[in-house]
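Colleague: sequence and predicted structure, then a few things I'm wondering about:
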Amino acid sequence: MRAAVLHGPDDLRVQEVEEPEGDVVVEVRAASACGTDRKMLRHGHPILGGYPARFGHETAGVRLDIGAHVLVGDSVACGSCDTCLAGRAAICRSPTWVLGGFAERIAAPEAALHGLPEELDFAGAAMAEPLAACVHAVGRGTDSRDVGVLGGGTIGLMLARLLVLEGRDVVVCDRHPERRAQAEALGARSAAQLGSHDLVFEAVGRVEAWQQAFAAARPGGTVVLVGGCPSGTTVELPTGPVHYDEVDVRGAFHHTRTEVDQAIALLAAGEVDWRGFAGETIGLEQLADALRAPTAGEARKLVVDPRQ
Ligand SMILES: [Zn+2]
Ligand SMILES: [Zn+2]
């Protein structure tokens with residue numbers, strides 16, 4: 001079968017590989033791409049292991065054994081480490097990663113699979129992975145009504161939609177007018193500059209954005225950092241707000257199995273309309289160029305259909 005294989009930084013080749021064996025084999029119908037895939041192509045990533053490496057972690061398709069539609073979850077928590085036992089499976093100390101959605105077929109442990117309603121498109125189902133991370137991030141916040149979201153990429157927009165569904169007053173801050181228009185179509189307000197808010201979500205993943213998010217929290221407020229800065233990065237934290245204003249700073253990483261199922265239900269019900277986040281559908285051969293292309297304008301996710 002054909003698969004996209006990373007051989008080194010910026011060296012992606014579509015090639016014939018051995019058929020996957022063991023576990024459950026799923027024929028991939030849609031694998032959406034995100035900023036993490038761009039990073040993996042450019043610089044590699046700790047969870048890839050060594051080269052050559054398969055990637056693609058937002059994957060939906062059909063089980064070859066029973067024909068059921070499934071989302072291939074990108075990780076299985078171990079269930080036995082300290083954080084899993086404490087009910088924090090999103091930050092499991094030794095998860096099994098399930099990567100390789102950018103291929104015709106993928107093998108996954110049964111525990112990674114989530115059943116899908118047949119009426120949900122595969123492209124929409126694949127987006128349950130990033131949406132689940134947003135469900136998790138909202139859970140890391142508070143129930144404040146006044147919310148600012150810094151960054152109008154697909155994660156920022158998904159966060160905004162989830163918060164709007166909860167009846168909150170949400171302002172998405174992004175310098176791109178196209179993304180502000182997308183935020184407004186989701187029921188949020190928008191701004192080019194971040195104001196002050198009781199609850200602030202950072203969805204950019206850059207040092208300056210983390211600092212802007214700290215500065216935007218009102219006294220007694222909470223900042224949730226959703227965008228990951230490169231590992232090893234140090235960010236200076238202003239002591240005043242954290243101490244004298246009791247601003248809480250929290251990270252949000254990944255998701256749990258339950259949150260993935262919640263995301264699937266939201267997509268299936270149309271409460272989160274995946275079409276608003278879907279970009280071009282491409283084949284494996286176009287993936288490298290598409291991941292290298294600069295992102296501008298509307299925030300939309302590439303969708304790979306390996307049968308194309
Ligand atoms: Zn992703
Ligand atoms: Zn664990």
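Modeller: Looks like it arrived, so ask away. Ligands and ions are numbered 1, 2, ... in the order given.
Colleague: CA atoms for contacts and neighbours, from now on please.
Modeller: Will do.
Colleague: what parts of the stretch 51-200 of the chain come near ligand 2?
Modeller: 77, 78, 79, 81, 84, 92, 93 (CA under 5 Å from the ion).
Colleague: let me know the outermost residue of the chain.
Modeller: Distance from the centre of the chain peaks at residue 244, with 33.6 Å (CA atoms, centre = their mean).
Colleague: and that residue, how far is that from ligand 2?
Modeller: Residue 244 sits 36 Å away from ligand 2, taking CA to the ion, to the nearest Å as the criterion.
Colleague: could you do residue 273 as well?
Modeller: 32 Å.
Colleague: from the structure, what's the count of residues near that residue?
Modeller: Neighbour count of residue 273, defined by other CA atoms under 10 Å: 16.
Colleague: which regions of the stretch 201-308 of the chain sit below the pLDDT cut-off?
Modeller: Applying pLDDT under 70 to the stretch 201-308 of the chain flags no residue at all.
Colleague: nearest to ligand 2 within it, name that residue for me.
Modeller: When scored by CA to the ion, the stretch 201-308 of the chain has residue 256 as its residue closest to ligand 2, at 11.0 Å.
Colleague: for the helix or strand residue 39 falls within, the averaged confidence score.
Modeller: Here residue 39 sits within helix 35-43, counting by DSSP states H and E. Average pLDDT, helix 35-43: 93.
Colleague: that helix: which residues count as buried?
Modeller: By 16 or more other CA atoms under 10 Å, the buried positions in helix 35-43 come out as 35, 37, 38, 39, 40, 41, 42.
Colleague: how far is stretch 214-224 from where the chain is centred?
Modeller: 23 Å (CA atoms, centre = their mean, to the nearest Å).
Colleague: return that stretch as PDB; C-alpha atoms alone will do.
Modeller: Extracted as PDB, the C-alpha positions of stretch 214-224 are listed here (Å, rounded to 0.1, in the frame of the first residue of the first chain):
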ATOM      1  CA  PHE A 214      -1.000  36.600  30.700                       C
ATOM      2  CA  ALA A 215      -1.400  40.300  30.300                       C
ATOM      3  CA  ALA A 216      -5.000  40.000  29.200                       C
ATOM      4  CA  ALA A 217      -6.300  38.200  32.300                       C
ATOM      5  CA  ARG A 218      -8.300  40.300  34.700                       C
ATOM      6  CA  PRO A 219      -7.500  40.100  38.400                       C
ATOM      7  CA  GLY A 220      -8.700  36.800  39.700                       C
ATOM      8  CA  GLY A 221      -8.900  35.500  36.200                       C
ATOM      9  CA  THR A 222      -7.600  32.400  34.500                       C
ATOM     10  CA  VAL A 223      -5.300  31.800  31.500                       C
ATOM     11  CA  VAL A 224      -5.500  28.500  29.700                       C
END
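Colleague: which residues touch that stretch?
Modeller: Here stretch 214-224 makes contact (CA atoms under 8 Å, 6 or more residues apart in numbering) with 137, 140-142, 194-202, 213, 237-238, 241, 245-252.
Colleague: at 7 Å what do you get?
Modeller: Stretch 214-224 has contacts (CA atoms under 7 Å, 6 or more residues apart in numbering) with 140-141, 194-202, 213, 241, 245-252.
Colleague: again, but for stretch 43-50
Modeller: residue 9.
Colleague: what residues of it count as buried?
Modeller: For stretch 43-50, a neighbour-count test (16+ other CA under 10 Å) marks 44, 45, 48 as buried.
Colleague: kindly report the same for stretch 271-291.
Modeller: Applying a neighbour-count criterion of 16+ other CA under 10 Å, one finds 272-274, 276-279, 281-282, 284-285, 287-288, 290-291 buried in stretch 271-291.
Colleague: can I assume residue 92 is in contact with residue 75?
Modeller: No. Look at residue 92 against residue 75 with CA atoms under 7 Å: they stay out of range, at 9.8 Å.
Colleague: one step back: as TSV, the residues of the stretch 51-200 of the chain next to ligand 2 with neighbour count, pLDDT and secondary structure would be great.
Modeller: Shown next, in TSV, are those (neighbours: other CA atoms under 10 Å; pLDDT from 0 to 100; DSSP: H, G, I helix; E, B strand; the rest coil):
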residue	neighbour count	pLDDT	secondary structure
77	22	98	coil
78	15	98	coil
79	17	97	coil
81	16	98	coil
84	18	98	helix
92	23	98	coil
93	16	97	coil
